[in-house]
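S.K.: Give me the fold of what follows.
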Amino acid sequence: MTDLELATHAALEAGKLLREHFGNEAAVDEATHHDIKLALDKESQELITGILLGARDGDALYGEEGIAGNQESDRQWIVDPIDGTVNFFYGIPHFCVSIALRVKGEIVVGVIHDPMVGETWTVEKGSPAMLNGRPISASSRDTLEQSILFVGCGKDEEALRTGIERFRRASVRARKMRMMGSAALGMAYIACGRLDAYIESRISLWDIAAGQLLVETAGGKVDLTPVAGHTDAWSIVATNGRIPIEEIL
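M.R.: Next up, the predicted model:
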């Protein structure tokens, strides 16, 4: 089984778990003003970890719910077991499983799986980006007036202020604005031309690792800026590579 096949298998198995539990009462491990952690987040990551490291026992795994494996390895799986946990908890069917493989610092495999819609985006370095086995590309729209933009607002006061102000500025120019609740799906949507940009002032690596390779392979552009004081947190601007996004930043 190739690395891409393995990642896809793990994402699909985790997706089955999430679909089985969707709509049922979910146990909350931690709740803050703007976020929720579920016991199912951990269960999903444990399932993914067992599949990935069971097949690649010398690898490292770095996920939203912790680390596993050989942390000295040049091969690191980057996992978000439920991207869009708040949506899941409230019964909104917009969430996904995101898995990437980073080898010697470079993302070489990415999988994003939406278990509710039945869509799976896959990409391997040097090969086309795919949606359910068919090649995809970012949109050809080149003006803000034609575009649909996704602005994330983060989980703390500063990120909320930045996101809301960007949303306000962009809404005057763009055709439509969205706040969707899943960074990984937002980037998958850019890769297949549904959205034209995603902007957020602070997001974690596991949310965007697979999406970065998808977007860039599909012809888009991703700019990441490290957030001072936060390990593996980034400010992100992802686009189809055509729209003049700097006009609203």
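
S.K.: Just list what the lengthiest helix in the chain packs against, helices and strands only.
M.R.: Under DSSP state H, the helix in the chain containing the largest number of residues is helix 3-21. For helix 3-21, the packing partners by 3 or more CB pairs under 8 Å, 6 or more residues apart in numbering; DSSP states H and E come out as helix 39-55, strand 75-83, strand 96-103, strand 106-114, strand 119-124. For every residue, glycine as well, the C-beta is placed using N, CA and C.

S.K.: The helix or strand following the shortest one pairs with which strands, and in what direction?
M.R.: So that's strand 119-124. For strand 119-124, the following helix or strand on the C-terminal side (DSSP states H and E) is strand 130-131. Partner strands for strand 130-131, per DSSP bridges, with pairing direction: strand 119-124 (antiparallel), strand 134-135 (antiparallel).

S.K.: Quick one: mean pLDDT over the longest one.
M.R.: What it means is strand 119-124. The average of the pLDDT scores along strand 119-124 is 98.

S.K.: Relative to the centre of the chain, find the outermost residue for me.
M.R.: V172 (26.6 Å; CA atoms, centre = their mean).

S.K.: And it, how far from E145?
M.R.: Distance, V172 to E145, by CB to CB, to the nearest Å: 10 Å.

S.K.: related to what we said a few turns ago, now for the helix or strand containing the residue farthest from the centre of the chain, which elements pack on it?
M.R.: For V172, the host element (DSSP H and E) is helix 157-173. Helices and strands touching helix 157-173, by 3+ CB pairs under 8 Å, 6+ apart, are strand 148-151, strand 176-178, strand 197-204.

S.K.: which one of those lies closest to V103?
M.R.: strand 197-204 (20.0 Å; CB to CB).
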